[in-house]
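Asks: Give me the fold of what follows.
(chains A and B)
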There are 2 protein chains.
Amino acid sequence: MIKEARIVDVEKVAVIGSGNWGTVIARMLGTNVVQQKGFDHEIKMWVYEEMVGERKLTELINEKHENVKYLPGVSIPENVIAVPDLLEAAEGATILVIVIPHQFVNDICGKLKGKVHPKAKAVSLVKGFDTTQSGIRPISHVIKEALKIPVCTLSGANLANEISEEKFSETTIGYKNRQEGELFKRLFETKYFKVGIVDDVLGVELCGALKNVIAIGAGIVDGLKLGDNTKAAIIRIGLLEMKKYIKMFYKGIKDETFFESCGIADVITTCYGGRNRKAAEAFVVTGKSFEQLEKELLNGQKLQGTLTAKEIYSVLQRKGLEKEFPLFTTVYKIVSEGLDPRKIVEDIV
Amino acid sequence: MIKEARIVDVEKVAVIGSGNWGTVIARMLGTNVVQQKGFDHEIKMWVYEEMVGERKLTELINEKHENVKYLPGVSIPENVIAVPDLLEAAEGATILVIVIPHQFVNDICGKLKGKVHPKAKAVSLVKGFDTTQSGIRPISHVIKEALKIPVCTLSGANLANEISEEKFSETTIGYKNRQEGELFKRLFETKYFKVGIVDDVLGVELCGALKNVIAIGAGIVDGLKLGDNTKAAIIRIGLLEMKKYIKMFYKGIKDETFFESCGIADVITTCYGGRNRKAAEAFVVTGKSFEQLEKELLNGQKLQGTLTAKEIYSVLQRKGLEKEFPLFTTVYKIVSEGLDPRKIVEDIV
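Replies: Residues are numbered from 1 along each chain as shown, chains lettered A, B, ... in the order given. Purely as a prediction, here's the structure:
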């Protein structure tokens, strides 16, 4: 009887996505579901099927227990099963961990619509916005509306490769229902991955999107070799604009969210270690276009920061708020309108 | 008549101190008093007299208009006059800019006692605490009690050499009387040195002292090569402990002070570019003592961070608060009690 009751209460996890961050997460969850009580030991990971040489990526992952394409050299527990079919991966899952590039969210949610477990809940690790004709929408809204399930968000100072090396970091989960926040904390937390939870789904998600605009600003300062004082000033001003923007356009945002890992800590990590910073520095130093740098530095992957800068600027412009957000505005104009990078300090004062 | 009125209203500035930071400040003020209205054009800078080769330092400064010992290679305006006699430097000054190592504050204030201009007010750029038998005292309290004059404080993300190169930075001035805050803003602000003012003398000062303990933590993380995520976590936790400590032990502290340059920005600068970070990294990597490293890396100058860590820890220990400040406690134990540096992440979780 007790045994039966336990089976009924067990949560089954599916990871939707298997890029660099998705694979790091699946690896961590694969270990955790075995050690924590209350989780089914098998995790299905949806993999967008592609060929690696002559072999299918899913076959290689399931054979070598390694994502040879997006996280080479790091082993994945055998209880993580790569699945090329989205619906098969999600079938029976009561927890959907969604970790895909933001431009695929509409498509994926469309396919999952009406087909998820009645008790399913999601946690979104997606960065960025959904762009619509009338403006921009948080990804957690898109998921919630499409799948009609509760959605939490996870974001933090989490450069993926460092976590795959099991170096200590913190993260933040935003919840609406505390029970779900606590469930996800149990699912994600390890000795080297410390989870803080806050009653603020949108605040957590939006910090994760907007930080990349600040990182572009930090990279510009690095490219100009302006030094540590200037960089700290840009980060500080960026953090204040991020907070002001989020609180101005969204309801129920908590001040303390900005002091969590998803706030100040992630802004710092992204401004010192992230690829948006790196590309913006190269943009200033080499004079190459971001399109060119995406090819050279990022294997053609799109930079989040330049896109988000544009999306945010279009909102600010429509509302006539450019002067209230001088850093966001200046970053946009430098990366998209040919403004002299040196204006980064002149125009924000 | 108009001319006379202007003379009466003019503020006369003396800079008390001429180390690296003091000289950078005197250089900036020397230019500013000429460009701004309401200031006497001559600034006396008190210099602790010492011999450089066969020559007196004050003579060299006044002849070469350069502090050959503490800021070599950077010219100082001719209206900044080096003076070896403290009372002569302070005579007639209505603004005392105090920028000396904290251990000399009692002595200097003792000598100035009863001898400052009746309209004098001070701005303290001193970092650290005054240690007494019963505990630690903010430096602004020491100055105020000795000289019986109003005291403002200045602190920010201000690595001195970058400011001497006129690279953009921000700073914060804490005032009690807004008029004084605005006066000092006019005195200090330049195109490349942006001043924010807050009604919080102690908050500004204490951030400047406590940040160095966080920087020791950041340097330990760097020495252990734990990466950007861990470092951002340490900075975040440090910032929260700094805020908690200051608000717990001092009255009238404003939350917004921590979002000013003296708060988050200075913490970041110090954790990436400062000498406390550098020495702590070397402490972990080389295993040498801090005394040895002070000789090798800092020409024998004392590190602020290790001393402040000790002072703060003695307060926490006396009050039984070690567990509420795990980062401050762990940093102290690593630098002073031989605790394994790797505990920096284990003991704060």
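Asks: Next, the contact list for the closest residue to A:S155 other than its chain neighbours, please.
Replies: With sequence-adjacent residues excluded and distances taken as C-beta to C-beta, 6 or more residues apart in numbering or on different chains, A:S155 is closest to A:G208, at 3.5 Å. All C-beta atoms are positioned from the backbone trio N, CA, C, and that covers glycine. Counting by C-beta atoms under 8 Å, 6 or more residues apart in numbering or on different chains, A:G208 touches A:127, A:153, A:155, A:262, A:266.
Asks: pLDDT score for the fourth one?
Replies: What it means is A:C262. As predicted, A:C262 sits at a pLDDT of 98.
Asks: Which ones among the contacts of A:G208 lie within helices?
Replies: Members of the contacts of A:G208 lying in helices (criterion: DSSP state H): A:D266.
Asks: Widest-spaced pair of the contacts of A:G208?
Replies: Spatial extent of those (C-beta to C-beta) is set by the pair A:T153 and A:D266 at 12.5 Å.
Asks: quick one: low-confidence ranges for chain A?
Replies: A:1-8, A:349 (pLDDT under 70).
Asks: tell me the domain ranges of it?
Replies: A:11-199, A:203-347 (the TED database).
Asks: what's the first-to-last distance across the shortest one?
Replies: Terminal residues of domain A:203-347 lie 27 Å apart, using C-alpha to C-alpha, to the nearest Å.
Asks: same deal with stretch A:170-186?
Replies: 14 Å.
Asks: neighbouring contacts of that stretch?
Replies: So stretch A:170-186 is contacted by A:11, A:36, A:38, A:95, A:121, A:123, A:150, A:152-158, A:188, A:193-205, A:257, A:260-263, A:265, B:229, B:233, B:236 (C-beta under 8 Å, 6+ apart).
Asks: quick check, distance from that stretch to the centre of its chain.
Replies: Its chain's C-alpha centre and that of stretch A:170-186 lie 16 Å apart, by C-alpha atoms, centre = their mean, to the nearest Å.
Asks: Chain B contacts on chain A?
Replies: Proximity of chain A to chain B (C-beta under 8 Å from any C-beta of the partner chain) is limited to residues A:157-159, A:162-163, A:165, A:167-170, A:191, A:194, A:226-233, A:235-236, A:239-240, A:259-261, A:264-266, A:268-269, A:272-273, A:345, A:349.
Asks: for the stretch 201-349 of chain A, what spans make up the strands?
Replies: With DSSP state E, counting those that start in this stretch as the definition, the stretch 201-349 of chain A shows no strands.
Asks: Do a quick rundown of the helices in it.
Replies: In the stretch 201-349 of chain A, helices defined by DSSP state H, counting those that start in this stretch lie at A:201-223, A:228-249, A:266-273, A:275-286, A:290-298, A:304-319, A:326-336, A:343-346, listed in chain order.
Asks: Columns distance to B:Y313 on top of those, output as JSON lines?
Replies: Formatted as JSON lines, these follow (distance: least, C-beta to C-beta, whole Å):
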{"stretch": "helix A:201-223", "distance to B:Y313": "33"}
{"stretch": "helix A:228-249", "distance to B:Y313": "27"}
{"stretch": "helix A:266-273", "distance to B:Y313": "25"}
{"stretch": "helix A:275-286", "distance to B:Y313": "35"}
{"stretch": "helix A:290-298", "distance to B:Y313": "45"}
{"stretch": "helix A:304-319", "distance to B:Y313": "41"}
{"stretch": "helix A:326-336", "distance to B:Y313": "38"}
{"stretch": "helix A:343-346", "distance to B:Y313": "39"}
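Asks: what about the ones you listed, which gets the closest to B:W21?
Replies: helix A:228-249 (12.7 Å).
Asks: what's that closest one packed up against?
Replies: With contacts taken as 3 or more C-beta pairs under 8 Å, 6 or more residues apart in numbering or on different chains; DSSP states H and E, helix A:228-249 sits against helix A:201-223, helix A:266-273, helix A:326-336, helix A:343-346, helix B:160-164, strand B:169-174, helix B:266-273.
Asks: okay, now the residue of the stretch 1-150 of chain A found nearest chain B: neighbour count?
Replies: As assessed by C-beta to the nearest C-beta, chain B sits closest to A:V24 within the stretch 1-150 of chain A, at 11.6 Å. A total of 25 residues lie near A:V24 under the criterion other C-beta atoms under 10 Å in any protein chain shown.
Asks: quick one: contacts for it?
Replies: A:71, A:74, A:160-161, A:163-164.
Asks: returning to that earlier point: just say which of the domains of chain A is most tucked in.
Replies: domain A:203-347 (a mean of 21; mean count of other C-beta atoms under 10 Å in any protein chain shown).
Asks: Using the three-state scheme, assign A:A14.
Replies: Of the three states, A:A14 takes strand according to DSSP: H, G, I helix; E, B strand; the rest coil.
Asks: Sketch out the helices for the stretch 51-200 of chain A, chain order is fine.
Replies: Using DSSP H, counting those that start in this stretch, helices in the stretch 51-200 of chain A cover A:57-64, A:86-90, A:105-112, A:139-147, A:160-164, A:178-188.
Asks: wait, which of those is closest to A:V47?
Replies: helix A:57-64 (4.9 Å).
Asks: helices and strands around that closest one, which ones?
Replies: strand A:80-83.
Asks: about what we covered before: ok, which of the helices of the stretch 201-349 of chain A comes nearest B:E296?
Replies: Per C-beta to C-beta, nearest to B:E296 of these: helix A:228-249, 22.3 Å.
Asks: from the middle of its chain, how far away would the closest one be?
Replies: So, by C-alpha atoms, centre = their mean, the centroid of helix A:228-249 is 19 Å from its chain's centroid.
Asks: likewise stretch A:128-136?
Replies: 17 Å.
Asks: now swap in stretch A:292-302 and tell me
Replies: Distance of stretch A:292-302 from its chain centroid, counting by C-alpha atoms, centre = their mean, is 19 Å.
Asks: who's in contact with it?
Replies: Contacts for stretch A:292-302 (C-beta under 8 Å, 6+ apart): A:101, A:275, A:278-279, A:282-283, A:286, A:288, A:303.
Asks: Let's see that with 6 Å instead.
Replies: Under the contact criterion C-beta atoms under 6 Å, 6 or more residues apart in numbering or on different chains, stretch A:292-302 has outside partners A:279, A:282, A:303.
Asks: okay, stretch A:122-131 in CSV with CA atoms only?
Replies: Extracted in CSV, the C-alpha atoms of stretch A:122-131 (Å, rounded to 0.1, in the frame of the first residue of the first chain):
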residue,chain,number,x,y,z
ALA,A,122,7.0,23.7,-16.4
VAL,A,123,10.1,25.5,-15.4
SER,A,124,11.5,27.7,-18.1
LEU,A,125,15.2,28.3,-18.5
VAL,A,126,14.7,30.2,-21.8
LYS,A,127,16.3,33.6,-22.1
GLY,A,128,14.9,36.5,-24.2
PHE,A,129,11.5,37.6,-25.4
ASP,A,130,8.8,36.5,-27.8
THR,A,131,8.3,39.2,-30.4
